[in-house]
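Asks: whatever this is, show me its structure:
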Amino acid sequence: MCAVSEGTGSTRLVVPVAEIVARVPGAHITLVDPFLEAEDIGEGVIAELRELFADLVPFAYVLGEPARFPSGAEYLPPQPVTVFRRITHSLRRAFPEVIGPSTSLDTVVPHLPLPAEYDVPTPLEVHAREALLLGDGGVTIATFRFGTTAA
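Replies: You can find the predicted model right below:
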């Protein structure tokens with residue numbers, strides 16, 4: 001899907017985790033949340049995101065043991081975490097006006113939110129092949145396939 005959004009509300013960029021979507025509906029690793037307001041998503045933004053994600057090569061990673069944020073929310077950390085931090089940092093550089101102030105790569109906490117009622121056996125090897133731009137209610141606005149070779 002690659003349509004310009006006609007909705008309202010915040011959007012977010014995520015990497016879906018297809019391997020566990022049957023256990024955890026909508027499973028994803030958060031890259032940037034919030035991203036842009038839906039009404040600000042145009043063909044130019046879609047094209048820039050498509051180019052950015054096309055430069056990435058699909059990769060394997062491991063979902064590690066469950067961890068908790070200070071708020072008590074449980075999540076699964078991806079390992080190696082640096083790959084996700086670099087993607088988030090690239091997005092922040094490409095869209096500084098909407099992402100807010102830059103932060104250190106070490107302060108970004110890539111994670112798969114894990115609702116309390118779901119159990120995922122870990123460690124679990126999974127694969128990143130694409131990113132999604134999601135709108136309100138988790139509706140997919142656009143899908144961005146990763147490239148197939150290193151440039």
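Asks: quick one: low-confidence parts of the chain?
Replies: 1-8, 97-107, 148-151 (pLDDT under 70).
Asks: so where do the helices sit in it?
Replies: Using DSSP state H, the helices of the chain run over 43-54, 81-94, 96-99.
Asks: any chance of the ones you listed in CSV, with mean neighbour count and distance to Val32 too?
Replies: Where you see a C-beta, it was placed from the backbone N, CA and C, and this is true even at glycine. Putting those into CSV (neighbours: other Cβ atoms under 10 Å; distance: least, Cβ to Cβ, whole Å) gives the following:
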stretch, mean neighbour count, distance to Val32
helix 43-54, 15, 10
helix 81-94, 18, 5
helix 96-99, 13, 6
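Asks: between those helices, which gets nearest to Gly138?
Replies: Checking the helices of the chain against Gly138 by Cβ to Cβ gives helix 43-54 as the closest, at 17.7 Å.
Asks: ok, now which ones touch the closest residue to Arg68 other than its chain neighbours?
Replies: Spatial nearest neighbour of Arg68, chain neighbours left out: Glu74 (5.4 Å); criterion: Cβ to Cβ, 6 or more residues apart in numbering. Counting by Cβ atoms under 8 Å, 6 or more residues apart in numbering, Glu74 touches 66-68, 113-116.
Asks: from Leu134, how far out is Glu74?
Replies: Counting by Cβ to Cβ, to the nearest Å, the gap from Glu74 to Leu134 is 21 Å.
Asks: the nearest residue to Leu112 once chain neighbours are set aside: neighbour count?
Replies: Once flanking residues are discounted, Leu112 sits nearest to Leu76: 4.3 Å by Cβ to Cβ, 6+ apart. If you count neighbours by other Cβ atoms under 10 Å, Leu76 ends up with 25.
Asks: please apply the same query to His127.
Replies: His127, neighbours per other Cβ under 10 Å, totals 14.
Asks: tell me how far the closest residue to it other than its chain neighbours lies from Tyr75.
Replies: Once flanking residues are discounted, His127 sits nearest to Ala60: 5.3 Å by Cβ to Cβ, 6+ apart. For Ala60, the distance to Tyr75 equals 19 Å [Cβ to Cβ].
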